[in-house]
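Asker: Mind looking at a prediction? Sequence and model below.
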Amino acid sequence: MKHLFPFCAIALMVSACNGQNTVQAPQIEKKQQTTEVNQAAINVNFDEARFRADIKTLSSDEFEGRAPTTHGEKLTLDYLTKQFTDMGLIGANQGSFLQAVPMVTYTPSEQQNITLAGLPLQYRHDIVLSSRHANEQINIENAPLVFVGYGINAPEYQWNDYSDLDMQGKIAVILINDPGFAHPEGSQFNGLAMTYYGRWSYKFEEASRQGALGAIIIHDTKPASYPWSVVENSWTGPQQDLVLNTDEAKNRIQVEGWMTLTAATQLFTKAGFSLPTLMERAADQAVNVDLAQTASIQFTNKAQYADSYNVVATLKGSTQADEQLLFTAHWDHIGKDDTKEGDQIYNGALDNASGTAGIMEIARQFAAQAQQGNGLKRSVTFIATTGEEQGLLGSRYYAANPIYPLDKTVAVFNLDSTNIYGKTKDYTIVGKGQSELENYLADAAKQQNREVKSERNPASGGFFRSDHFSFAKYGVPAVFAGGGSEPLDDATAAYKTEMEKTMKGCYHNVCDHYHESWDLSGALQDLGVYYQAAKTLGNNQDWPGYLVGSEFHHLRPAK
Ligand SMILES: [Zn+2]
């Protein structure tokens, strides 16, 4: 199964995994006692053995790496359904725990004839192209190429790279990231922190809205935050996506892809422009330039259809049952690769058997409380999503086809790869500064004496890389948080250094399997924060909103 590396828990992984450089004997007081008191304050009895057992089962070889639409999916759905049933939760989809997510797998041909500005480009080496139009022979002859800077239309920044352009029949050539990347200290586009305008998915969506025929992003390792090899792996071979509805299909650009910086430099030189000069200009002001060159592109695009499933389980609230708090964690991972020598199974223990086990453990706590008559006023729904690795597919589908109306959905708490590096003194909120929902996390983290921080590399756009984002796009306050960079004490720091060595290179690799030696106390600490935050919000009347400066503010503004 192909997978889109740019998705997933990369942000948390980075904050957890790049810690080596900074772990150096800080002055550490013995905090052991305080921690126990503080955990007691949160008053929750997570069962570590049970949490461990769920991770172990879901990431076992038997589950074959949990790829959507495989036998591994069937086992996963059965397991999750049984767990939620045993807890006493109800199936949210008219009694069923399953929500079908229609998926399509597109396979572009390896034979692609691509000529830009008269330069023949080599598929994979210089350029990758795919299409979301099914079973089509893509045949583009001499389509004009237009450079549109960062390809952004953002009224709130008075910025429109497409102004006065008619993109009909043309192909947009676009820079990755946003103008803030070039002006880290500026306020435009949030400085170094990536806004949604910087994500590749936005670029293709906007080019489609502009009526373009196609869009090609210029890859650049720093602003993209990953090398060309990741682009090549992700955008070639079979690629899963949601089935587009008729309107979406009609309005979608015909070809979408990336080219290397080297290929782009050649193209711009041929057209008589300096790419570095245009890049500088594009960071300072909205810009578009007719390159007076054309593109010709031929390849075939095969489509195959199959359903996958989200698992959706609800614990009904007592007095405000129509108002929902959602917990999300993707159950899927990237399956197995029979062509590999040795270990062929991507077990996805950390990513994301751990998060799936995490929402189940939180569900068990709320269910137990409800059985004792201490249930929440609002309802809580747990969604184990499918297809996250392929582009947040399950959560995107749920958000577009919600079982409970989104305007009655108060908040989303997402778990994607829990902390396996032990307890921390701090607490990471990815994309910190988005919504008032973060206040609930901050209060809960404070009860554990933990300092709240942003992730280490906000320029990589971590906020847009896991399932919570599918809900943010509709204005539902959503958070992705957990872990931290400062180990609680010397022993934890030493353990972390060792475990980071063990897990090095295992992100989206076959060695992401379960280890009996994992210290899950940090994960339980984090589950406690989510649990406490949801408990408070589940018993009040508050509707948190997005803060001024968030790209989602206008959808559900903070008061
Ligand atoms: Zn993940």
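Answerer: Yes, it's here.

Asker: residue boundaries of the helices in the stretch 101-250 of the chain?
Answerer: Applying DSSP state H, counting those that start in this stretch to the stretch 101-250 of the chain gives helices spanning 200-209, 221-224, 228-235, 246-251.

Asker: Please disregard the earlier target; I meant the stretch 301-450 of the chain.
Answerer: 355-371, 393-400, 437-447.

Asker: follow-up on the earlier one: ranking the helices of the stretch 101-250 of the chain by mean neighbour count, which comes first?
Answerer: helix 200-209 (a mean of 21; mean count of other Cβ atoms under 10 Å). For the C-beta atoms, the positions are set from N, CA and C on the backbone; glycine is no exception.

Asker: what's in contact with that one?
Answerer: Helix 200-209 has contacts (Cβ atoms under 8 Å, 6 or more residues apart in numbering) with 6, 148, 151-153, 162, 167, 172, 174, 176, 196, 214-215, 217, 251-253, 256, 258, 391, 464.

Asker: Over to stretch 73-83?
Answerer: By Cβ under 8 Å, 6+ apart, the surrounding residues in contact with stretch 73-83 are 54, 57-58, 62-64, 66-67, 91, 97-98, 308-309, 311, 331-332, 356, 360, 384, 386.

Asker: try 10 Å
Answerer: 50, 54, 57-58, 60, 62-64, 66-68, 70, 89, 91, 96-98, 306-311, 313, 331-333, 335, 353, 356-357, 359-361, 363-364, 382, 384, 386 (Cβ atoms under 10 Å, 6 or more residues apart in numbering).

Asker: Just the C-alphas of that stretch, formatted as CSV.
Answerer: Extracted as CSV, the C-alpha positions of stretch 73-83 are listed here (Å, rounded to 0.1, in the frame of the first residue of the first chain):
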residue,chain,number,x,y,z
GLU,A,73,-9.3,-4.0,8.4
LYS,A,74,-11.9,-6.7,9.1
LEU,A,75,-10.0,-7.9,12.2
THR,A,76,-9.6,-4.3,13.4
LEU,A,77,-13.2,-3.4,13.0
ASP,A,78,-14.3,-6.6,14.8
TYR,A,79,-11.9,-5.9,17.7
LEU,A,80,-12.9,-2.3,18.1
THR,A,81,-16.6,-3.1,17.9
LYS,A,82,-16.3,-5.7,20.5
GLN,A,83,-14.4,-3.4,22.9
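
Asker: hang on, the earlier thing: minimum distance to F189: which of the helices of the stretch 301-450 of the chain has it?
Answerer: Across the helices of the stretch 301-450 of the chain, F189 has its closest neighbour in helix 437-447 (20.5 Å, Cβ to Cβ).

Asker: Can you spell out which helices and strands pack onto the helix or strand following that closest one?
Answerer: Using DSSP states H and E, the helix or strand that follows helix 437-447 in sequence is strand 451-454. Where contact means 3 or more Cβ pairs under 10 Å, 6 or more residues apart in numbering; DSSP states H and E, strand 451-454 is packed against helix 10-17, strand 426-429, helix 437-447.

Asker: buried set for strand 451-454?
Answerer: For strand 451-454, the neighbour count (16 or more other Cβ atoms under 10 Å) marks V452, K453, S454 as buried.
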